[in-house]
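Enquirer: what follows is a predicted protein model with its sequence.
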2 protein chains.
Amino acid sequence: MQLSGTLSQLIEALRCLPGIGPKSAQRIAFHLLERDREGGSQLGQSLTKAMQVIGHCQTCRTFCEEPECSLCQNIKRQDSRLLCVVESPTDVLAIEQTGQYTGLYFVLMGHLSPLDGIGPNEIGLDVLERRLSDGNIDEVILATNPTVEGEATAHFISELCQKYDVLASRIAHGMPVGGELDLVDGMTLMHAFSGRKAIT
Amino acid sequence: MQLSGTLSQLIEALRCLPGIGPKSAQRIAFHLLERDREGGSQLGQSLTKAMQVIGHCQTCRTFCEEPECSLCQNIKRQDSRLLCVVESPTDVLAIEQTGQYTGLYFVLMGHLSPLDGIGPNEIGLDVLERRLSDGNIDEVILATNPTVEGEATAHFISELCQKYDVLASRIAHGMPVGGELDLVDGMTLMHAFSGRKAIT
């Protein structure tokens, strides 16, 4: 006995989700068919629509439906000569939630990872280079994640900035606010010490 | 700044998948948009089609696209007076792979779980009762999982069988073949001892 064609197809298609193997795919398919057909249909439509409609902002590369995202279109942003480089659209959300940053963004959609075939062009550094060469940017704030790949990407971009005489800065590393000294890893603690400031 | 409407909708829709919270939904959406748009479209279409097309076999309740599944339609099944009751369509697959059982199946699509609002009718025991009352079944093999709920369900169905004078049997519990005695739990070991057979 075989599962029906449509069901096998669904199980196979579910495996495109990250971290979902054959057993999980089967469980998800059965769960949706048995307990949540409405949710399943809704998800099917959302996926089909999103894959067609959502593209990248031509200026900052974040996901958006128009050619340019609402942030880049907003001419009222005060520090339009300040550019913050982040790895993902969620980072933009996190920074915007603080309400303190009023510059623009550039979203890499990943980080340099030569072993996975992700080079400068895959994370849009050609687009970034074009923006730097325009001369409209005074400072690039590198807010990639403090991981090995994130640091390497930041370093690469800082060299790009030098080429166009644009100031590059890296966000500060140190103790998170509310964190406890004995629970923090050694690297963070080292950064916190080396980046200490005189109390004035 | 907000995520675009279509993207928020997709993230919300992904949360219907079992075990997927808001953060995972976001990660999945970004993964599909960045790395696997083709897979995402494919999944969207498969979901939409499956939710519309796949129904239940009117005889055994398993998932199928026609009114009756291929197993129930197969008049060549030798022991058509033997009915094996299982919890899920995957159990049918597992039993069919052994190639030893030639009777019919009845798929409960779950087990009794009154606290979750799953009573006899939710697992199709009304359909099963109709089949028992037809007098075409000689024996019901209860192959629900050896869990508390599975045992309770098996017990409930065995009482239903008594009512219609149909023999009910439970699959054997004991040591799995190739298992090691010291790695097996106490309940299984107890079953293995109480179900021992004389060597003849």
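Expert: Happy to help now that I have it.
Enquirer: report the rounded mean pLDDT for the helix or strand encompassing A:Thr188.
Expert: Secondary structure assignment for A:Thr188, by DSSP states H and E: helix A:186-194. Summarised as a single mean, pLDDT over helix A:186-194 is 87.
Enquirer: so what's the residue nearest to the spatial centre of chain A up against?
Expert: By C-alpha atoms, centre = their mean, the mean C-alpha position of chain A lies nearest to A:Ser88, the distance being 0.7 Å. Taking C-beta atoms under 8 Å, 6 or more residues apart in numbering or on different chains, we find A:Ser88 in contact with A:Val107, A:Leu108, A:Met109, A:Gly110, B:Phe30. Where you see a C-beta, it was placed from the backbone N, CA and C, and this is true even at glycine.
Enquirer: cutoff 7 Å now
Expert: Applying C-beta atoms under 7 Å, 6 or more residues apart in numbering or on different chains to A:Ser88 gives the contacts A:Val107, A:Met109, B:Phe30.
Enquirer: same question for A:Leu10.
Expert: Residues near A:Leu10 by C-beta under 7 Å, 6+ apart: A:Ala29, B:Ser46, B:Leu47, B:Ala50.
Enquirer: thinking again about what came up before, can I get the contacts of A:Ser88 in a markdown table including neighbour count?
Expert: Output for the contacts of A:Ser88, formatted as a markdown table (neighbours: other C-beta atoms under 10 Å in any protein chain shown):
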| residue | neighbour count |
| --- | --- |
| A:Val107 | 24 |
| A:Met109 | 20 |
| B:Phe30 | 20 |
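Enquirer: which ones among these lie within helices?
Expert: B:Phe30 (DSSP state H).
Enquirer: A:Ile123: which of the contacts of A:Ser88 is nearest?
Expert: Minimum distance to A:Ile123 across those is 6.3 Å, recorded for A:Met109 (C-beta to C-beta).
Enquirer: contacting residues around that closest one?
Expert: A:Arg61, A:Ser88, A:Ile123, A:Gly124, B:Glu34.
Enquirer: count of neighbours near A:Val177?
Expert: Using other C-beta atoms under 10 Å in any protein chain shown, A:Val177 has 5 other residues around it.
Enquirer: and it, its phi and psi?
Expert: As for A:Val177, its main-chain torsions (degrees, to the nearest 10) stand at phi -60, psi 130.
Enquirer: can you tell me how far it is from chain B?
Expert: Using C-beta to the nearest C-beta, to the nearest Å, we find A:Val177 at a distance of 21 Å from chain B.
Enquirer: what's the answer for A:Ile20, then?
Expert: Per C-beta to the nearest C-beta, A:Ile20 is found 9 Å from chain B.
Enquirer: ok, now A:Asp79?
Expert: 15 Å.
Enquirer: how about that residue, what does it touch?
Expert: Counted by C-beta under 7 Å, 6+ apart, A:Asp79 has contacts A:Thr102, A:Gly103.
Enquirer: measure how far the longest strand along chain A is from the centre of its chain, please.
Expert: In chain A, assigned by DSSP state E, the strand with the most residues is strand A:79-86. A distance of 15 Å separates the centroid of the chain from that of strand A:79-86, by C-alpha atoms, centre = their mean, to the nearest Å.
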